[in-house]
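Undergrad: I would like to see how this sequence folds:
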Amino acid sequence: MNHKDNSPDNNAGKTRRKKLPPEAVRSCTVTTKMTAAEREKIHDIAAGCNLTPSDYMRQRALGYEPPSALTEEESALLHNLDGCRVDILNFANALAGMKHDARIILFQKVSFMLDWYRLVVPITNAVTEFLNSVINGGRLSPRTRKTIIKI
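TA: Just a heads-up that it's a prediction; the model follows:
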């Protein structure tokens, strides 16, 4: 009799794969010949999109344009953007914590508002510029783009 030992010790470190329906199982292949330079270029582009070469080629063949991964500079800018978001939230929370009369008095001080505006405009312009460059570079999904445009 064939008996499989399914005890935890025998299967340590193994994970079970989710069973896919037959139509979702990738069992067919397409073979193509290319030069070594073409192969290297496909591998480089796929790596830039955080995809395997197979996933990259499948997406391109099916008409999708996979977004490329953020560059180190863009990642640093995104991290800086998160800092700006924290500053904006802190400012909003400080305003929310003020009494209504105190907020009115604050916003009626023209010199304060002009100084504040001069400080905020470069930040909002930088955020807009960054988001536009990311959108135009195809690095955001269409769903995210719609959300940003609505804002």
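Undergrad: Buried residues of stretch 55-62, list them for me.
TA: 56-57, 60 (16 or more other C-beta atoms under 10 Å). For every residue, glycine as well, the C-beta is placed using N, CA and C.
Undergrad: What about the residues you listed, which are in helices?
TA: Among the buried residues of stretch 55-62, the members found in helices (DSSP state H) are 56-57, 60.
Undergrad: would TSV of the buried residues of stretch 55-62 with pLDDT and distance to E23 be doable?
TA: Formatted as TSV, the buried residues of stretch 55-62 follow (pLDDT from 0 to 100; distance: C-beta to C-beta, whole Å):
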residue	pLDDT	distance to E23
Y56	89	23
M57	91	21
R60	88	22
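Undergrad: give the contact list for A46.
TA: 52-53, 55-57 (C-beta atoms under 8 Å, 6 or more residues apart in numbering).
Undergrad: and stretch 17-36, C-alpha only, in CSV?
TA: Extracted in CSV, the C-alpha atoms of stretch 17-36 (Å, rounded to 0.1, in the frame of the first residue of the first chain):
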residue,chain,number,x,y,z
ARG,A,17,0.3,25.7,-4.2
LYS,A,18,-3.2,26.9,-4.9
LYS,A,19,-5.0,24.7,-7.4
LEU,A,20,-5.8,26.7,-10.5
PRO,A,21,-8.7,26.0,-12.8
PRO,A,22,-7.6,24.2,-16.0
GLU,A,23,-8.1,27.3,-18.2
ALA,A,24,-5.8,29.4,-16.0
VAL,A,25,-2.9,26.9,-16.0
ARG,A,26,-0.1,28.1,-18.3
SER,A,27,1.0,25.0,-20.1
CYS,A,28,1.6,26.3,-23.6
THR,A,29,4.9,27.8,-24.8
VAL,A,30,6.0,30.0,-27.7
THR,A,31,9.6,29.8,-28.8
THR,A,32,11.4,32.5,-30.7
LYS,A,33,15.0,33.0,-31.8
MET,A,34,16.8,36.2,-31.1
THR,A,35,20.3,37.5,-30.8
ALA,A,36,22.1,37.6,-27.5
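Undergrad: ok, back up a step: looking at the ones in helices among the buried residues of stretch 55-62, which is nearest G83?
TA: Using C-beta to C-beta, Y56 is the member of these that sits closest to G83, with 32.9 Å.
Undergrad: Now the spatially closest residue to that closest one that is not a sequence neighbour. Its backbone dihedrals?
TA: Nearest non-adjacent residue to Y56, counting by C-beta to C-beta, 6 or more residues apart in numbering: A46, 3.6 Å away. The phi and psi values for A46, taken as degrees, to the nearest 10, are phi -60, psi -40.
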